[in-house]
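A.B. asks: Requesting a structural model of the entry that follows:
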Amino acid sequence: MGAYMARAEYIKKQVLDKPVEPTGGKGGTGELKKKKSKEDDADEESKKLEDALSSAIVTEKPNVKWEDVSGLEGAKEGLKEAVILPIRFP
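C.D. replies: Residues are numbered from 1 along each chain as shown. Here you go, the predicted model:
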């Protein structure tokens with residue numbers, strides 16, 4: 001779980017730290033677009049972050065059961081309580 005959180009933070013940093021590139025006009029003069037409102041910027045950043053994180057989430061259902069994982073009973077119980085049960089019983 002810690003590895004997934006670290007990966008999510010890494011992706012978040014990569015998405016939010018991308019430089020904004022100026023857009024060129026017809027003549028290549030390098031004119032900048034009119035500045036967007038703060039709400040539009042927040043929505044755009046939110047969308048980028050959502051897209052980046054969605055690629056890190058496993059959407060396939062692997063054929064692995066809890067019985068297949070040996071040991072680490074405490075870790076399995078913690079994972080069930082933190083992730084599985086809130087999804088099944090919101």
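A.B. asks: Could you look up the SS state of N63?
C.D. replies: Of the three states, N63 takes coil under DSSP: H, G, I helix; E, B strand; the rest coil.
A.B. asks: On the pLDDT front, check it for me.
C.D. replies: Per-residue pLDDT puts N63 at 85.
A.B. asks: Ok, G25 next?
C.D. replies: 46.
A.B. asks: Same check on L32?
C.D. replies: Residue-level confidence at L32 comes out at 46, pLDDT.
A.B. asks: Any idea how many residues pack against K48?
C.D. replies: 16 (other Cβ atoms under 10 Å). (Each C-beta comes from the backbone N, C-alpha and C, glycine too.)
A.B. asks: And the residue positioned nearest the centre of the chain, which helix or strand is it part of?
C.D. replies: With distances taken as Cα atoms, centre = their mean, L53 lies nearest the centre of the chain, 1.9 Å away. In the assignment (DSSP states H and E), L53 maps to helix 38-56.
A.B. asks: Which strands and helices lie in contact with that helix?
C.D. replies: helix 2-16 (3 or more Cβ pairs under 8 Å, 6 or more residues apart in numbering; DSSP states H and E).
A.B. asks: which residues touch the helix it packs on?
C.D. replies: For helix 2-16, contacts defined as Cβ atoms under 8 Å, 6 or more residues apart in numbering pick out E45, K48, L49, A52, L53, A56.
A.B. asks: Who's the closest spatial neighbour of the second one, skipping the chain neighbours?
C.D. replies: Distance criterion Cβ to Cβ, 6 or more residues apart in numbering; nearest residue to K48, sequence neighbours excluded, is V15 at 4.8 Å.
A.B. asks: Next one: the one you found from E67, what distance?
C.D. replies: V15 is 38 Å from E67, where distance means Cβ to Cβ, to the nearest Å.
A.B. asks: quick one, which of the two is more surrounded?
C.D. replies: Counted by other Cβ under 10 Å, V15 and E67 do not tie: V15 has more neighbours, with 16 against 6.
A.B. asks: From G78, how far out is A8?
C.D. replies: Per Cβ to Cβ, A8 is found 18 Å from G78.
A.B. asks: more neighbours, these two?
C.D. replies: Between A8 and G78, counted using other Cβ under 10 Å, A8 has the larger neighbour count: 15 against 12.
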